[in-house]
Each structure stands twice: as C-alpha cells, then as structure tokens.
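Student: Sequence and predicted structure below; questions after.
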Amino acid sequence: MKNKILVTTLLVALSITSFAKEKNVDARLFRDLSSTLKNSSQVHWEIKDQYQQASFTFMNKTAAAYYSLEDNQLIGFGIQLNKTDLPQVISGALKNKYNDWQVVDAITFIDPGGYVSYFAQVHKDNKTFVLKITRNGKTSVYSRMHC
C-alpha cells in the first residue's frame, strides 16, 4: 500500500510536469532494467488509473516499469529501496533535515533518458511528505500527502 501511494503520487506528477533534470545519467542501469524486464519470465502486469505497471525482480529487489495508458510509452523504472539500501549521501540528507521523521517508503526512479532521482515518503505526527533527493543530497518536498 505505502509503495502504491508513493509511486502513484510520483507518476501523476510526472504526467503533469517534467523533471528538472540534473546531470546524473545512468544509461547502463536503464539498459540493465530494460533487459531484465524483457528477459524476465515472472512479470506481473497491473493497470492503474493513470498508468500500467509491470512488476519484476531486479538484483533481488522489487522493480517496476511504468507505461502511459494513453500511448503506452515508457514513463520510467522504479526500484523499491529499504532505508538501509539508500546511498550514504541520500540517507545523510534525510538524517540532516528529517531525522525525527519515519521513512515509510523509498524508491530510485530512472526515466527513459537514464536520469536517476531518489524519492522517499516520510511521516511524522499527522504529516506525510514525498521528498525528492538529488544524488548530491539536496532535499525538496515533492508532494504533501493527506493522512
């Protein structure tokens, strides 16, 4: 459930606005995800309100490819992360600004250009935010969610 909230928020926002892209391209990761999806014998497809999702396993982690329902174009790939899977720069940024918040969910998102972004859903009291964290640790509130 928590992953669905984070991913849905992310994908709805992506369909409305474009990413401010940084120079953090990882074309190899994109190719590896594409290849794994293509060669996977266990892909679970789901149709959502705004997109179609193909879930599969990538390097022992849950991953998904997201496609637009409108034109079946690839929106990008998401890789589910545990708090302990986050790169040190990302976890350090969360600790700096959101130390007393609970990290509910986290993903790495790779768009078709190979641009990588990190997103984390954090919760404290009755507040829940989806944060975008850049590879250099810059944190911004991507979305506010109602509990």
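Tutor: Structure received. Only a predicted model underlies this, so the values are computations on that prediction, with no experimental measurement involved.
Student: any idea which helix or strand comes after the helix or strand encompassing Ala64?
Tutor: According to DSSP states H and E, Ala64 maps onto strand 61-68. Next in sequence after strand 61-68, counting helices and strands by DSSP H and E, comes strand 74-81.
Student: what's the angle between that next one and strand 61-68?
Tutor: Put simply, strand 74-81 runs at 160 degrees to strand 61-68, going by axes from the mean of the first three to the mean of the last three Cα atoms, to 10 degrees.
Student: Show me what strand 74-81 is packed against.
Tutor: Contacts defined by 3 or more Cβ pairs under 8 Å, 6 or more residues apart in numbering; DSSP states H and E place strand 74-81 against helix 2-16, helix 27-39, strand 61-68, strand 102-110. (C-beta placed from N, C-alpha, C; glycine too.)
Student: how far does it sit from the chain's center?
Tutor: Centroid separation for strand 74-81 versus its chain: 5 Å, with Cα atoms, centre = their mean, to the nearest Å.
Student: Walk me through which strands that strand pairs with, and which way each runs.
Tutor: strand 61-68 (antiparallel), strand 102-110 (antiparallel) (DSSP bridges).
Student: Buried residues in the last one, which are they?
Tutor: Same thing as strand 102-110. Across strand 102-110, burial judged by 16 or more other Cβ atoms under 10 Å covers 103-110.
Student: mind checking which helix or strand of the chain has the lowest mean pLDDT?
Tutor: None of the helices or strands of the chain scores lower by mean pLDDT, DSSP states H and E than helix 2-16, at a mean of 53.
Student: so what's Phe58 bridging to?
Tutor: In this entry, Phe58 is beta-bridged to Lys61, by DSSP bridges.
Student: The one 10 residues further on now?
Tutor: Under DSSP bridges, the beta-bridge partners of Ser68 are Tyr51.
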